[in-house]
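Enquirer: predicted model and sequence below, questions to follow.
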Amino acid sequence: MRTRIFRSLLPSLLLTASAGGFISGCATNPVTGTPDLVFMTEAKEIELGNSYDSKVKKQYSVYPNPALQAYVQGIGEKLAAQSHRPHLKYHFTVLDSPEVNAFALPGGHIYITRGILAYINSEADLAAVLGHEIGHVTARHGVRQHSAATATGVVGAILGAATGIQGTQDLFNVFGSAFLSGYGREHELESDRLGAQYLARTGYDPQAMIEVVGILKNQEEFEKKRAEAEKRPARIYHGVFASHPSADKRLQEVVAEADKFKTVSAPSIKREEYFKRIDKLAFGDGAREGIRHGRIFYHRDLDLTLTFPEGWHIENSPDAIASWPPQKEALMLIKKRAMPADSTASLDSLLKSQVKLSAKYEGKPIPEMKLTSVTGTERMSGPFGRRETRVSAIHYGPNAYLFFGATKEDSTFTRFDPDFLATASSLRSLKPAEKILAEGQRVRLVRARPGDTFASFAKKSPLTEYSESILRLINGKFPDGEPAAGELIKLIE
């Protein structure tokens with residue numbers, strides 16, 4: 001009953017909001033030419049995209065390779081020139097992230113991660129991913145998502161005033177999740193259709209859309225199994241459906257429609273040219289953020305290493321390093337803070353300024369540690385509620401590193417506390433051999449020789465796990481393909 005009332009109120013509330021000046025009315029969809037229920041002008045759309053662009057670049061770094069950035073921008077601009085909105089100023093950015101993803105913001109900002117670049121296998125594949133994202137922009141999917149959420153927000157504000165139930169959220173959290181993770185099957189399928197058209201008009205084979213979806217579907221299936229085993233979220237591209245493209249008739253149909261837009265008899269693929277563009281591409285964790293190698297974390301620029309408990313998952317983010325055991329009974333957080341310029345400042349005073357410690361906290365030096373340190377326990381609020389927490393701080397270089405360790409149940413704190421303390425006490429500078437590991441892994445190109453197999457390459461690979469499967473995936477040979485003699489292939493060094 002409540003749902004029916006809500007639905008009956010929605011049209012009148014929207015009309016009321018429109019009359020009050022909150023909503024700017026319908027616009028013509030650039031793709032279909034029919035009226036579109038969206039609530040912003042194109043100028044506002046561009047303004048919105050520019051605003052979100054700054055947020056994206058705070059979360060993700062731009063990959064520091066100007067030549068690769070220019071290459072991607074050039075391909076994107078060719079595709080956009082053949083799109084339904086060629087007048088927009090498009091910005092194509094490669095992000096320094098190992099995630100396998102690409103996404104678009106309203107108004108023409110399109111992002112592709114270096115993580116996805118390692119898995120695709122030709123310039124046509126790259127064009128297919130960019131064309132798909134351009135399709136989101138030209139069909140104004142982001143604007144429609146924004147308009148729908150805005151309308152719901154208007155209704156929510158009115159209902160909240162009447163019922164006393166409030167539910168505000170940051171706009172980027174609401175809309176950003178759609179921009180980064182997709183818009184639903186119909187919009188994704190429409191973007192595949194549009195992307196295939198733009199490929200055909202630009203001289204690429206529209207079937208590259210099918211090929212790249214197949215590559216990414218294989219990566220998705222492998223990644224989901226790996227993530228489940230490692231008890232972490234899977235890193236997958238949003239533009240892939242539940243079924244494999246070989247069995248997805250609707251996807252095959254919308255891509256086949258683009259054949260009528262072909263401009264050349266021999267469409268461009270450019271496999272080897274693309275491979276050479278991504279030679280030495282960073283793979284996996286980036287050196288600027290830190291490298292996870294098994295249970296050890298290396299950071300090149302901070303010149304430090306940490307050793308975590310055996311079997312614990314390590315998650316690195318811009319704000320902190322988090323680590324937890326397989327059953328998630330405990331959590332450890334590590335944060336970096338600049339030491340005050342005042343040479344008389346102590347770790348105790350820094351802790352008190354950063355953390356609400358009680359007078360009962362008694363910090364003592366970490367046993368057998370040469371660096372200046374302090375550690376103790378404190379009952380404080382955290383992800384598990386108010387729990388006993390190991391609080392440690394270490395002065396290293398110009399920074400202090402703060403360590404917090406807590407358990408889901410108070411009864412298990414004694415069992416995990418030695419792990420919290422051991423991780424903090426492991427902080428030290430990099431040894432010469434470790435500085436190489438701290439540079440991270442990169443894509444390397446080789447010509448396959450007769451008799452070469454991915455199993456033989458895997459034995460020499462620095463990949464610690466799943467090396468044979470990963471090598472097949474990044475070369476489009478998954479699950480059991482082998483390199484042909486003379487074929488240019490990607491390895492990880």
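Expert: Here it is on my side, so go on. Only a predicted model underlies this, so the values are computations on that prediction, with no experimental measurement involved.
Enquirer: stretch 61-78: which residues count as buried?
Expert: Tyr63, Asn65, Leu68, Tyr71, Val72, Gln73, Ile75, Gly76, Lys78 (16 or more other CB atoms under 10 Å). Any C-beta I mention is one placed from the backbone N, CA and C, and that applies to glycine too.
Enquirer: Ile278: which of those residues is nearest?
Expert: Nearest to Ile278 among those is Leu68, at 7.2 Å by CB to CB.
Enquirer: surely the closest one meets Lys280?
Expert: No - look at Leu68 against Lys280 with CB atoms under 8 Å: they stay out of range, at 9.8 Å.
Enquirer: export stretch 185-192 to CSV, keeping only CA atoms.
Expert: Extracted C-alpha coordinates of stretch 185-192, given in CSV (Å, rounded to 0.1, in the frame of the first residue of the first chain):
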residue,chain,number,x,y,z
ARG,A,185,21.7,-3.9,-18.9
GLU,A,186,19.6,-1.7,-21.2
HIS,A,187,21.9,1.3,-21.0
GLU,A,188,25.0,-0.9,-21.2
LEU,A,189,23.6,-2.6,-24.3
GLU,A,190,22.7,0.8,-25.9
SER,A,191,26.3,1.9,-25.3
ASP,A,192,27.6,-1.3,-27.0
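Enquirer: buried stuff in that stretch?
Expert: Applying a neighbour-count criterion of 16+ other CB under 10 Å, one finds His187, Glu188, Leu189, Glu190, Ser191, Asp192 buried in stretch 185-192.
Enquirer: just put those residues in TSV and tack on secondary structure.
Expert: Formatted as TSV, those follow (DSSP: H, G, I helix; E, B strand; the rest coil):
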residue	secondary structure
His187	helix
Glu188	helix
Leu189	helix
Glu190	helix
Ser191	helix
Asp192	helix
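Enquirer: among those residues, which one has the lowest pLDDT?
Expert: Among the buried residues of stretch 185-192, His187 carries the lowest pLDDT, at 86.
Enquirer: and that one, what does it touch?
Expert: With contact taken as CB atoms under 8 Å, 6 or more residues apart in numbering, His187 is in contact with His136, Ala139, His141, Arg144.
Enquirer: separation between Tyr237 and Thr113?
Expert: Applying CB to CB, to the nearest Å, the value for Tyr237 to Thr113 is 9 Å.
Enquirer: and what of Lys336?
Expert: From Lys336 to Thr113 the distance is 24 Å (CB to CB).
Enquirer: which stretch of helix or strand covers Cys400?
Expert: Quick fix: residue 400 reads Ala, not Cys. Using DSSP states H and E, Ala400 sits in strand 399-407.
Enquirer: what's the first helix or strand after that strand?
Expert: Using DSSP H and E, the first helix or strand after strand 399-407 is helix 413-425.
Enquirer: flag every buried residue along the helix or strand that that following helix is followed by.
Expert: On the C-terminal side of helix 413-425, the closest following helix or strand by DSSP H and E is helix 432-437. Buried residues in helix 432-437, counted by 16+ other CB under 10 Å: Glu434, Leu437.
Enquirer: same deal with stretch 52-62?
Expert: Within stretch 52-62, judged by 16+ other CB under 10 Å, the buried ones are Tyr52, Asp53, Val56, Tyr60.
Enquirer: average pLDDT for it?
Expert: 88.
Enquirer: could you pull out the strands in the stretch 201-350 of the chain for me?
Expert: Remark: strands assigned in the stretch 201-350 of the chain by DSSP state E, counting those that start in this stretch are 282-283, 291-293, 296-299, 304-307, 313-316, 321-324, 330-338.
Enquirer: mind listing what Lys262 touches?
Expert: Going by CB under 8 Å, 6+ apart, Lys262 touches Ala200, Pro206.
Enquirer: where does pLDDT dip in the stretch 201-350 of the chain?
Expert: For the stretch 201-350 of the chain, applying pLDDT under 70 flags the ranges 342-345.
Enquirer: where along it do the helices fall?
Expert: 208-230, 249-256, 271-277, 347-354 (DSSP state H, counting those that start in this stretch).
Enquirer: now the last one: how far from the chain's centre is it?
Expert: Its chain's average C-alpha position is 33 Å from that of helix 347-354, according to CA atoms, centre = their mean, to the nearest Å.
Enquirer: likewise the first one?
Expert: Taking CA atoms, centre = their mean, one finds the center of helix 208-230 at 15 Å from the center of the full chain.
Enquirer: and if you look at stretch 377-389?
Expert: 30 Å.
Enquirer: enumerate every residue touching Glu368.
Expert: Contacts of Glu368 by CB under 8 Å, 6+ apart are Ser425.
Enquirer: could you redo the last one with a cut-off of 6 Å?
Expert: With contact set as CB atoms under 6 Å, 6 or more residues apart in numbering, Glu368 has no partners.
Enquirer: check it and give its pLDDT.
Expert: Value for Glu368, per-residue pLDDT: 90.
Enquirer: quickly note the distance from it to Val391.
Expert: In terms of CB to CB, Glu368 sits 19 Å off from Val391.
Enquirer: tell me how this structure divides into domains.
Expert: Following automatic domain parsing, one finds the domains of the chain at 11-271, 291-430, 440-492.
Enquirer: hang on, Ala67 in a strand?
Expert: No - assigned with three-state DSSP, Ala67 falls outside any strand and is helix.
Enquirer: find the nearest non-adjacent residue to it, please.
Expert: Leaving aside its chain neighbours, Ala67 sits nearest to Arg277 (7.8 Å; criterion: CB to CB, 6 or more residues apart in numbering).
Enquirer: next one: His244
Expert: Nearest one to His244, counting by CB to CB, 6+ apart, is Lys217 at 5.3 Å.
Enquirer: thought the one you found was touching Val240?
Expert: Yes - at 5.2 Å, Lys217 counts as touching Val240 under the criterion of CB atoms under 6 Å.
Enquirer: residues in contact with the nearest residue to Phe283 once chain neighbours are set aside?
Expert: With CB to CB, 6+ apart as the criterion, Phe283 has its nearest non-adjacent residue at 4.6 Å, and that residue is Gln441. Applying CB under 6 Å, 6+ apart, we find Gln441 in contact with Phe283, Gly284, Pro462, Ile492.
Enquirer: closest one of those to Ser381?
Expert: Gly284 (34.4 Å).
Enquirer: neighbours of that closest one, how many?
Expert: Neighbour count for Gly284, taken as other CB atoms under 10 Å: 18.
Enquirer: look up how far Asn218 lies from it.
Expert: The spacing between Gly284 and Asn218, counted by CB to CB, is 18 Å.
Enquirer: neighbours around the closest residue to Leu117 other than its chain neighbours, how many?
Expert: Excluding its sequence neighbours, the residue lying closest to Leu117 (CB to CB, 6+ apart) is Ile278, at 5.6 Å. The local packing of Ile278 (other CB under 10 Å) involves 23 other residues.
Enquirer: helix, strand or coil for Ala70?
Expert: Strictly by three-state DSSP, Ala70 counts as helix.
Enquirer: quick revisit: quick one: which of the contacts of His187 is most hemmed in?
Expert: Neighbour counts for the contacts of His187 peak at His136, which has 31 neighbours (criterion: other CB under 10 Å).
Enquirer: run through the bridge partners of the spatially closest residue to it that is not a sequence neighbour.
Expert: Leaving aside its chain neighbours, His136 sits nearest to Ala104 (4.3 Å; criterion: CB to CB, 6+ apart). Ala104 forms beta bridges with Ile110, as assigned by DSSP bridges.
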